[in-house]
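Engineer: 3D, please:
(one chain, ligands or ions: 1)
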Amino acid sequence: MIARNKNIVITGGNNGLGKAIALQLAEEKNNIFFTYCSDDKSATETVREISKLGVRVKALKVNFLNEASVKLLVEKSYEFFDGEVDVLVNNAGIICRKPLFEITEKDWDDTHNVNTKTPFFLLQQFGKKMQEKQLQRIQKAYKEKGIEITDKLLNSSAKLSLLADYCIVFITSISRNVFTGLLPYEVSKAGTHGIVGAAASDPSLSYFQIRVNEVAPGLIATNLNKHIWMHQPNLWQQRASSIPLGFTGEPADVAKAVSSIISNKWMNGTTMTVDGGRSHNFIGSDLKQQASILKSKL
Ligand SMILES: NC(=O)c1ccc[n+]([C@@H]2O[C@H](COP(=O)([O-])OP(=O)(O)OC[C@H]3O[C@@H](n4cnc5c(N)ncnc54)[C@H](OP(=O)(O)O)[C@@H]3O)[C@@H](O)[C@H]2O)c1
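Structural biologist: Next comes the predicted model:
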């Protein structure tokens, strides 16, 4: 099952996981509107790659540290999609790696503004628009098709046939409960995880078939953690060795999880963890030891 013919907004769609998500969903024949913050070159390249797949695509430069960004993104994306957005993927994020005593108020605020506050207000604003659209569908069926709006209809799954299937996906992280010295980041992702649970069960969304879900990735080499895999390969190796499967992920692994959530109309309030098993591995693994066990048995 794949998502098809949907109008999809992705934040941070020019690089890393966001780009893989944009390409995966474009390959599945969905139209893409994505944001980026600073890297014009990769945004232009991503637009070019997506255009070649024969779907509609547009990029918008916005900085989530700027309060006006939510309004701008909602306005521009609805304008581009002629008033209909089916999916929002809240992916853009930043990291803060500092010893506890050196974390400043600005570090704290910036991390939370980009990773938690803006995604919440995007959920709120896109959610409002989506609810309006669903109400219009019910009213239209009522007026034009002569369907009687009975309590039974409104409370039954029959109303589903009148509604579009909308979905809001958050890219959080296993860092919400696997601690690796990124305190503001870890707390911001724990907050985002909380938003998903609360919003998925809020009737202003769930009653209107607006689903809210989460993909929680583990370790994947992107710009976000470039300083480690480029300059501290030993530390990177140490992190990778705590993954039971023994290797780090690819952005495409996360993209496939996002696609499956979007296409499954009964998935709501779900956390899909894509991490090679790392979040279950509290003591870490000694892969060298495992390799020697294997060798001794051969
Ligand atoms: N990589 C991992 O191991 C990993 C693991 C778990 C979760 N995640 C999550 O996955 C998401 C994507 O991360 P990534 O690894 O793909 O990192 P990335 O390659 O650094 O991409 C981050 C994206 O966010 C955008 N962005 C950065 N600062 C922004 C701001 N102030 N306002 C608006 N957009 C901003 C970037 O735009 P520019 O490129 O134009 O600056 C880029 O598109 C994040 O939420 C991250 O927490 C990543």
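Engineer: where along the chain do the helices fall?
Structural biologist: Remark: helices assigned in the chain by DSSP state H are 16-27, 40-51, 69-80, 105-112, 118-144, 151-155, 183-200, 203-206, 226-231, 233-240, 251-263, 287-297.
Engineer: Can you add mean pLDDT, distance to Val57 and mean neighbour count and give those back as TSV?
Structural biologist: All C-beta atoms are positioned from the backbone trio N, CA, C, and that covers glycine. Shown next, in TSV, are the helices of the chain (pLDDT from 0 to 100; distance: least, C-beta to C-beta, whole Å; neighbours: other C-beta atoms under 10 Å):
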stretch	mean pLDDT	distance to Val57	mean neighbour count
helix 16-27	98	7	24
helix 40-51	98	4	16
helix 69-80	98	9	17
helix 105-112	98	29	15
helix 118-144	93	19	17
helix 151-155	70	37	11
helix 183-200	97	26	20
helix 203-206	96	27	14
helix 226-231	90	26	13
helix 233-240	90	33	14
helix 251-263	98	16	21
helix 287-297	72	41	10
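Engineer: Dump these to a markdown table, plus distance to Thr270.
Structural biologist: What follows is those, written out as a markdown table (distance: least, C-beta to C-beta, whole Å):
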| stretch | distance to Thr270 |
| --- | --- |
| helix 16-27 | 17 |
| helix 40-51 | 27 |
| helix 69-80 | 24 |
| helix 105-112 | 24 |
| helix 118-144 | 15 |
| helix 151-155 | 23 |
| helix 183-200 | 8 |
| helix 203-206 | 13 |
| helix 226-231 | 29 |
| helix 233-240 | 26 |
| helix 251-263 | 7 |
| helix 287-297 | 30 |
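Engineer: for these, which one sits closest to Val169?
Structural biologist: With C-beta to C-beta as the criterion, Val169 lies closest to helix 251-263 of the helices of the chain, at 5.5 Å.
Engineer: And Asn63, how far from Val274?
Structural biologist: As defined by C-beta to C-beta, to the nearest Å, Asn63 lies at a distance of 28 Å from Val274.
Engineer: between the two, which one's more packed in?
Structural biologist: Val274 (19 against 15; other C-beta atoms under 10 Å).
Engineer: nearest to Arg278, of the helices of the chain?
Structural biologist: Relative to Arg278, the nearest member of the helices of the chain by C-beta to C-beta is helix 233-240, separated by 8.6 Å.
Engineer: Get me the contact residues on the chain for the ligand.
Structural biologist: 12, 14-18, 36-39, 62-65, 91-94, 114, 171, 173, 217, 219-220, 222-225 (C-beta under 6 Å from any ligand atom).
Engineer: Give me the buried entries from those residues.
Structural biologist: Buried residues within the residues of the chain next to the ligand, counting neighbours by 16 or more other C-beta atoms under 10 Å: 12, 14-18, 36-37, 62, 64, 91-94, 114, 171, 173, 217, 219-220, 222, 224-225.
Engineer: who wins for proximity to Ser161 among the helices of the chain?
Structural biologist: Closest to Ser161 of the helices of the chain, according to C-beta to C-beta: helix 118-144, at 8.8 Å.
Engineer: Let me know the angle separating that closest one from helix 183-200.
Structural biologist: Counting by axes from the mean of the first three to the mean of the last three C-alpha atoms, to 10 degrees, helix 118-144 points 10 degrees away from the direction of helix 183-200.
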